[in-house]
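> Predicted model, plus sequence, below.
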Amino acid sequence: MRTRVAIVGAGPAGSLLAHLLHGAGIDSVVLERRSRAYVLGRVRAGVLEAGSVRVLRDAGLAGRMDAPTADGGGDPHDGVGLSLDQGHLRIGFTEAVGRRVMLWGQTEVQHDLYDALDADGVTLLDEIDDVELHDLTTDAPSVTFTRDGATQRLDCDWIVGCDGSRGTSRLAIPEDLRRTYERAYPFGWLGILSETPPVDDELIYASHERGFALCSMRHAMLSRYYLQCDDTDVVEDWSDDRFWTELSERLPDEAAAALVTGPSVEKSIAPLRSFVSEPMRHGRLLLAGDAAHVVPPTGAKGLNLAIGDVVLVEAALRRHYDDGDDEALDRYSETALRRVWKAVRFSWWLTTLTHRFPDRDDFDRRIQAAEFHHLATSPHARATFADNYTGLPIPVDQLTTPPEHVTTPQTPTATGARA
Ligand code: FAS
Ligand code: PHB
């Protein structure tokens, strides 16, 4: 088999990339370890940044999302609520930064992407295994894999690793060239879906002495709730009754009083960590999405970062094939990482602000209260929150024109002098 771009992983990053490349007349083959049904059954992100909504609309992937909310379409949100113990504040987005977000589950995005790939006629090989990447530093890389017990080889020009946080493509970058940065959090998120009306018409991020809670939704009769839980917990530790009782304890009184409980239709625990693997390119291998970086879901950034990376990859590959110009490919990693690290920072900050850390003391709780009060009393603080939460621009222009006002910190020499 031969193609121009081999894509490893058919989650949001890999399948969106294949669709965008198809639109640019660049053929690709997508290799996915799991079955389509498995991928479509995962319940993950819920919030799309303004930039991600624009990408889906421009790519013809927003038909269902843009249907009226009452008919099952996406739900535009203009703000979120934050509560600390019993205090509560709202951060409005449009008034602060002129942008808003869209509540539209990752499951729906994935459905639309798979339908698009079928319509495009893109080759998506699922239930494959034993993926190995070869000859990355030549102009003739390849991918070998097994499918139905037979080993196959895919020759290509480029390989894009979109194989997520447990993928192997980043490991194809030699260890001495790879730098990883990680922060593991001493807790997880227990999430449930329930066919009940949401507790409020906007999200509530609740920080309580007992721990963090998040009230989200998928539509008027499908709510998504999360509780901070111990990183040793398993789903079996949490009956529905225990979940609802704990959630009520952590919410502000008014929200707790409005809570409608019901049987969970999905229940899962996700570990929380911040992780970045640099660089996001090695020879003819590019990395995009969770394959290169993972953020705690607190800032609703994971899916949106994947979309941003993919937009940059497609723009760079299009210049390669259309203009024979590789400047954008050469700048891809540094350009993507500048935006990734800003999202890693925001996700880390919001997690630190809202969660209870077992090893923290009253000093830390006072710092959280001070941050919260600053948000409650400063429109500038709320604007910074809104700027990050609704999404920073996808810097396609920086692929060819690096930002002038930001100097890349020089690596100090052994003597401490700047190089
Ligand atoms: P994905 O992990 O989605 O996709 C990678 C794909 O590659 C998978 O389908 C996998 O099967 C496949 N793969 C892996 N190894 C392979 C191999 N060797 N060969 C072939 N295929 C391979 N983000 C939010 O914004 N909000 C949330 O609430 C949220 N909740 C989450 C809950 C969980 C449990 C997890 C794991 C993540 C959550 N995220 C959330 C983050 C999530 O949405 C990711 O950011 C998003 O799925 C990233 O998309 P991809 O980069 O495509 O990675
Ligand atoms: C969700 O609806 O699943 C969701 C919303 C906001 C987050 C994380 C998850 O920060």
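Received it, and whenever you're ready, just let me know what you need. Numbers count the residues shown, from 1 in each chain. Ligands and ions are numbered 1, 2, ... in the order given.

> The closest residue to ligand 1 within the stretch 51-200 of the chain - nearest residue in space that isn't next to it in sequence?
Going by CB to the nearest ligand atom, ligand 1 is nearest to G164 of the stretch 51-200 of the chain, at 2.5 Å. Quick note: C-beta positions are derived from backbone N, CA and C, even for glycine. Excluding the flanking residues, the one nearest G164 by CB to CB, 6 or more residues apart in numbering is D290, at 4.3 Å.

> Need phi/psi at the one you found.
Main-chain torsions, D290, degrees, to the nearest 10: phi -60, psi -20.

> Got the confidence number for the residue of the stretch 51-200 of the chain closest to ligand 1?
G164 carries a pLDDT value of 98.

> Quick check: it touching G9?
Yes. Here G164 reaches G9: they are 5.9 Å apart, a contact under CB atoms under 8 Å.

> shared neighbours, these two?
289, 291 (CB atoms under 8 Å, 6 or more residues apart in numbering).

> G191: helix or strand, and which one exactly?
Using DSSP states H and E, G191 falls within strand 179-194.

> That strand: partners in the sheet, and parallel or antiparallel?
Looking at strand 179-194 with DSSP bridges, its partner strands are strand 222-230 (antiparallel), strand 264-278 (antiparallel).

> do the next helix-or-strand element following it and ligand 1 meet at all?
Per DSSP H and E, strand 179-194 leads on to strand 203-208 as the next helix or strand towards the C-terminus. No. Strand 203-208 lies apart from ligand 1 when judged by CB under 6 Å from any ligand atom; the minimum separation is 11.0 Å.

> quick one: average pLDDT of whichever helix or strand comes after strand 203-208?
Remark: after strand 203-208, the chain's next helix or strand is strand 211-219, criterion DSSP H and E. Confidence for strand 211-219, expressed as mean pLDDT, is 96.

> Give me the residues contacting strand 211-219.
By CB under 8 Å, 6+ apart, the residues outside strand 211-219 that reach it are 46-47, 69, 72, 75, 103, 105, 187, 189, 193, 198-200, 203-206, 223-229, 246-247, 250-251, 255, 298, 354-356.

> likewise stretch 45-56?
Identification of contacts with stretch 45-56 by CB under 8 Å, 6+ apart yields 16, 62, 65, 74, 77, 99-106, 109, 112, 203, 216-218, 224, 297, 300, 302-304, 307-308, 311, 390-394.

> Would you write a PyMOL line that selects the buried entries of these?
Entered in PyMOL, the line below selects the buried ones among those, by 16 or more other CB atoms under 10 Å:
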select buried, resi 16+62+65+74+77+99+100+101+102+103+104+105+106+109+112+203+216+217+218+224+297+300+302+303+304+307+308+311+390+391+392+394
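
> Show me what E182 is bridged to.
Judged by DSSP bridges, the bridge partners of E182 are F275.

> And the pLDDT at it?
Per-residue pLDDT puts E182 at 98.

> my guess is A119 is in a helix, correct?
Yes. When DSSP: H, G, I helix; E, B strand; the rest coil is applied, A119 is found to be in a helix.

> ok, back up a step: now the phi/psi pair for the residue of the stretch 51-200 of the chain closest to ligand 1, please.
With angles defined as degrees, to the nearest 10, G164 sits at phi 70, psi -170.

> Report the contact partners of it.
By CB under 8 Å, 6+ apart, the residues touching G164 are 9, 11, 13, 289-291.

> ok, now with 7 Å
9, 11, 289-291 (CB atoms under 7 Å, 6 or more residues apart in numbering).

> what do you get for Y185?
Taking CB under 7 Å, 6+ apart, one finds 272-273, 296, 351 in contact with Y185.

> Okay, it and Q152: tell me how far apart.
Distance of Y185 to Q152, given as CB to CB, to the nearest Å: 40 Å.

> What is the burial count for the residue nearest to G164?
Neighbour count for D290, taken as other CB atoms under 10 Å: 25.

> Could you do L20 as well?
Residue crowding around L20 was assessed by other CB under 10 Å; the count is 23.

> Just confirm it contacts E314, I think it does.
Yes. Applying CB atoms under 7 Å, one finds L20 in contact with E314, separated by 4.2 Å.

> State the next helix or strand along the chain beyond the helix or strand H22 falls within.
Counting by DSSP H and E, the element that carries H22 is helix 12-23. As assigned by DSSP H and E, the chain's next helix or strand after helix 12-23 is strand 28-31.

> right, quick check: that next one against ligand 1, any contact?
Yes. Counting by CB under 6 Å from any ligand atom, contacts between strand 28-31 and ligand 1 involve L31.

> same thing with stretch 72-82?
No. Shown here: stretch 72-82 not in contact with ligand 1 (CB under 6 Å from any ligand atom), separated by at least 13.5 Å.

> per-residue confidence averaged over that stretch?
Stretch 72-82 carries an average pLDDT of 96.

> Please report how far the residue nearest to R179 when sequence neighbours are not counted lies from A220.
Sequence neighbours aside, E278 is the residue nearest to R179 in space, at 4.6 Å (criterion: CB to CB, 6+ apart). For E278, the distance to A220 equals 43 Å [CB to CB].

> Those two: which is more packed in?
More neighbours surround E278 than the other of E278 and A220, with 21 against 13 (other CB under 10 Å).

> sorry, back to before: could you check the strand holding G191 and say which residues are buried?
By 16+ other CB under 10 Å, the buried positions in strand 179-194 come out as 185, 187-194.

> can you tell me which of these lies nearest to ligand 2?
Nearest to ligand 2 among the buried residues of strand 179-194 is G191, at 6.9 Å by CB to the nearest ligand atom.

> how close does the nearest residue to the closest one once chain neighbours are set aside get to ligand 1?
Closest residue to G191 apart from its sequence neighbours, by CB to CB, 6+ apart: Y226 at 4.8 Å. Y226 sits 8 Å away from ligand 1, going by CB to the nearest ligand atom, to the nearest Å.

> Y226 and W189 touch, don't they?
Yes. Counting by CB under 7 Å, W189 is a contact partner of Y226 at 4.8 Å.

> Get me the contact residues on the stretch 151-300 of the chain for ligand 1.
Residues of the stretch 151-300 of the chain lying near ligand 1 by CB under 6 Å from any ligand atom: 162-164, 166-168, 270, 289-291, 297, 300.

> Mind picking the two most distant members of the residues you listed?
Within these, T168 and A300 form the most distant pair, 26.8 Å apart (CB to CB).

> So what's the residue count around R210?
14.
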